[in-house]
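**Student:** Provided below for reference: sequence and predicted model.
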Amino acid sequence: MAKSSSNKRKTVEYSRYGYFFIAPFFIVFAIFQLWPLIYTMGLAFCENYTDTMFNVEVGPTFNGLANFKTIFVGNDGSLFDTYTFRALGNTIIMWLMNFMPQILLALLLAVWFTDTRVKMKAQGAYKILTFMPNIITAATISVLFYKLFDFPNGPINQFFVNSGIWSGPFRFLDTKWSTRGIISFINFWMWYGNTMIVLTAGVLGISPSLFEAARVDGASSWQIFKSVTLPLLRPIMLFTLVNSAIGGLQMYDIPKLLTTSGYGDPDYTTRTITMYIRELAFTGSRQMGKAAAASLVLFIVTLFFSLILFYIMRDKDAIKEKKTIKAAQKARKGAN
Amino acid sequence: MADKKGGLHARILGAQIFRNAICIFLCFLSLIPFWIMIVNATRTSVDIQSSFSLVPSHYFLENWEKLLYQCNANVPLWKYMINSCIIAFGSTILTVYFSTMTAYGVTVYKFKGCQFAWAFIMAIMMIPVQVSSIGFFRFVFGLGLGNNYIPLIIPAIAAPSTVFFMRQYMQSALPLEIVDAARIDGSREFNTFNTIAMPLMRPAVATQCIFAFIASWNNFYTPSMLLTSQRKYTLPMFVQLMRGERFRSDHGIIYVGLVITILPIFVVYFILSKHIIAGVALGGVKE
């Protein structure tokens, strides 16, 4: 009796130390992430800009939904036809153009690298080289590509013109789709190695006996891929998707440093949402209030994507459990 | 029967050749932009303008001196490197140490609210810094910390994804019996963490150090928002400067500048590539 009570006291005494261990994280989070987030949300409902003529800051004063009105409703009164949603659209288009080929190529390579019949001995080297662009500074890569696609004497133009494939140089960075294409390509090229490594690890995590059983049953490689690999890889692929979507929505460095003026040329067709927010807040009349409202829109879109992930990930286990319970009940009924 | 087997072998060989060819092409694609960069760094601006080449020339040192000269007129090149190093080292140490500490707190101690704290860390993992940057900017400048490294280093203490990784690793690498044993031997709680838990976590700490360092070294978004004086600029901001008027006239020195910013990462990567790739794979599977 005495012993158990002393034991109890001891555990209580130690568990309180947990607070000290997690305190720095939560204090810093509250100061540098939570408070700025709340502050941004508050500013979204305020008028706050700098009068460029007298260089004085106006506000922040509460002005209700006025910022959101300019963000959601265009000058001619049409919904969503605004700079914010155009920037959001650009971001999503460029993300899709990078993600689609990225996941397909990563999946293909993951299947190749884990194929036990056709062994690839040099895959270690392939992984190292294809992952490499991922860790190089995005700013440096963008400026490098800016030089490579330079008009008229960038190396790419020189190569195609000198070899006689093209009759004249092409204005890559003054054409909407080629600029978008280059930005998407850089993202694709930087990230497919990462996705491939994650998916390869995912395939290796699948029990080998499943593949063996399928092979014994006479399934072809395609059938094995379609009905064993793909379904079991779904959670990891979903995670990749959401991670990439959230990262893609914040795209900034590459379009900022690749486009000629740094403001999403040509004609703002490669201006991403984060570029637009920073342009609103830090150039011209520094419209902090409007920028905060645009940030809030970005936050909600981001939140939407992460909620999808949580929903699907959490629900799956619950559904499984429910199914087994139902099956068990059915079996019992059948027995009765 | 033998014939069928031979046919199978031929098919496997064919697939092998095809797949390796694709992979070699992809590796080539990864390397070629950097190769062009290195080659052009060794050529004169006039050469770069007039023709395309994959063979290095011998003007690297001249371009390098010109670059240093151009930079010295304003802020010397090494200054950007030192600045990037200060921020990257500072934030890496804070991220890794405090993330391990937070993970230790929620793994070892069963205090009230422990579950909630963990769920909270998971939930905030997905919030990117960009969405709160307006508030962050105003808050930091309100405190008078604009153009200062404190808001670039201190927030590194709260890194949810690193905490997540550390906890995953801790659950398999740190038996709670060891913590109990240390208590019986009279070790104090923080002492146990520093002298027993940290050494056991060494592989995870090393992996996360690499990732935190690279992330901070490559960061352009926050520094370019907060730092206003050129003497405080980091390396990615220097890269942005190179696009400007002062450097535009000479193509050779831009390429040299790019080489200089990439070189440290290249060296680190090719030394540590195995650990980095293992770390990426681990992160993916655990999540």
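**Tutor:** Received it, and whenever you're ready, just let me know what you need.
**Student:** now do the contacts for the residue most central in space within chain B.
**Tutor:** Note on chain B: the residue nearest the mean C-alpha position is B:Ile214, at 1.3 Å, using C-alpha atoms, centre = their mean. For B:Ile214, the contacting residues are A:Ile135, B:Ile265, B:Val268, by C-beta atoms under 8 Å, 6 or more residues apart in numbering or on different chains. Glycine gets a C-beta too; all of them are placed from N, C-alpha and C.
**Student:** buried ones in whatever helix or strand the last one lives in, by neighbour count?
**Tutor:** Following DSSP states H and E, one finds B:Val268 within helix B:251-286. By neighbour count, and taking 16 or more other C-beta atoms under 10 Å in any protein chain shown as the criterion, the buried residues in helix B:251-286 are B:251-262, B:265, B:268-269, B:272-273, B:276-277, B:279-284.
**Student:** so where is the chain shaky, pLDDT-wise?
**Tutor:** By default, I'm working from chain A. Across chain A, the ranges flagged by pLDDT under 70 are A:1-12, A:312-319, A:333-336.
**Student:** let's do chain B instead
**Tutor:** The model of chain B has pLDDT under 70 over residues B:1-5, B:245-248, B:283-287.
**Student:** mind giving me the domain ranges of it?
**Tutor:** Structural domains annotated on chain B: B:2-66, B:76-242, as defined by automatic domain parsing.
**Student:** and of these, who's closest to A:Ile156?
**Tutor:** Shortest distance between A:Ile156 and the domains of chain B, using C-beta to C-beta, is found for domain B:2-66: 8.5 Å.
**Student:** helix or strand: which one has A:Thr50?
**Tutor:** Using DSSP H and E, A:Thr50 falls within strand A:46-51.
**Student:** ok, the helix holding B:Val268 near chain A or not?
**Tutor:** Yes - counting by C-beta under 8 Å from any C-beta of the partner chain, contacts between helix B:251-286 and chain A involve B:251, B:254-255, B:258, B:261-262, B:265-266, B:269-270, B:273-274, B:276-277, B:280-285.
**Student:** coming back round to it: which elements pack onto the strand holding A:Thr50?
**Tutor:** If contacts are counted by 3 or more C-beta pairs under 8 Å, 6 or more residues apart in numbering or on different chains; DSSP states H and E, strand A:46-51 sits against strand A:56-62, helix A:66-72, helix A:288-335.
**Student:** what's the closest of the ones you listed to chain B?
**Tutor:** Closest approach to chain B among the helices and strands packed on strand A:46-51 (C-beta to the nearest C-beta): helix A:288-335, 3.8 Å.
**Student:** give the other helices and strands that that closest one contacts.
**Tutor:** Counting by 3+ C-beta pairs under 8 Å, 6+ apart, helix A:288-335 packs on helix A:35-43, strand A:46-51, strand A:56-62, helix A:66-72, helix A:83-114, helix A:230-249, helix A:273-282, helix B:133-142.
**Student:** 6 Å instead?
**Tutor:** Under the contact definition 3 or more C-beta pairs under 6 Å, 6 or more residues apart in numbering or on different chains; DSSP states H and E, helix A:288-335 sits against helix A:35-43, strand A:46-51, helix A:66-72, helix A:230-249, helix A:273-282, helix B:133-142.
**Student:** deepest-packed of these, please.
**Tutor:** When the helices and strands packed on helix A:288-335 are scored by mean count of other C-beta atoms under 10 Å in any protein chain shown, the highest mean neighbour count falls to helix A:273-282 (a mean of 24).
**Student:** and that one, what other elements does it pack with?
**Tutor:** helix A:83-114, helix A:288-335.
**Student:** as CSV, these with mean neighbour count would be great.
**Tutor:** Listed next are the helices and strands packed on helix A:273-282 as CSV, based on neighbours: other C-beta atoms under 10 Å in any protein chain shown:
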stretch, mean neighbour count
helix A:83-114, 20
helix A:288-335, 15
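**Student:** adding distance to A:Thr50, write those helices out as JSON lines.
**Tutor:** Converted to JSON lines, those look like this (distance: least, C-beta to C-beta, whole Å):
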{"stretch": "helix A:83-114", "distance to A:Thr50": "19"}
{"stretch": "helix A:288-335", "distance to A:Thr50": "8"}
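**Student:** of those helices, which approaches A:Phe225 most closely?
**Tutor:** Taking C-beta to C-beta, helix A:83-114 is the member of the helices and strands packed on helix A:273-282 nearest to A:Phe225, at 6.1 Å.
**Student:** okay, the angle between the strand holding A:Thr50 and helix B:133-142?
**Tutor:** For strand A:46-51 against helix B:133-142, the angle by axes from the mean of the first three to the mean of the last three C-alpha atoms, to 10 degrees is 60 degrees.
**Student:** note down every partner strand of strand A:46-51 and its orientation.
**Tutor:** Under the criterion DSSP bridges, strand A:46-51 sits next to strand A:56-62 (antiparallel) in its sheet.
**Student:** what about whichever residue of the stretch 151-300 of chain A sits closest to chain B, distance to B:Trp64?
**Tutor:** Nearest to chain B, among the residues of the stretch 151-300 of chain A, is A:Val198, at 3.1 Å (C-beta to the nearest C-beta). According to C-beta to C-beta, to the nearest Å, A:Val198 and B:Trp64 sit 39 Å apart.
**Student:** many thanks, we can stop here.
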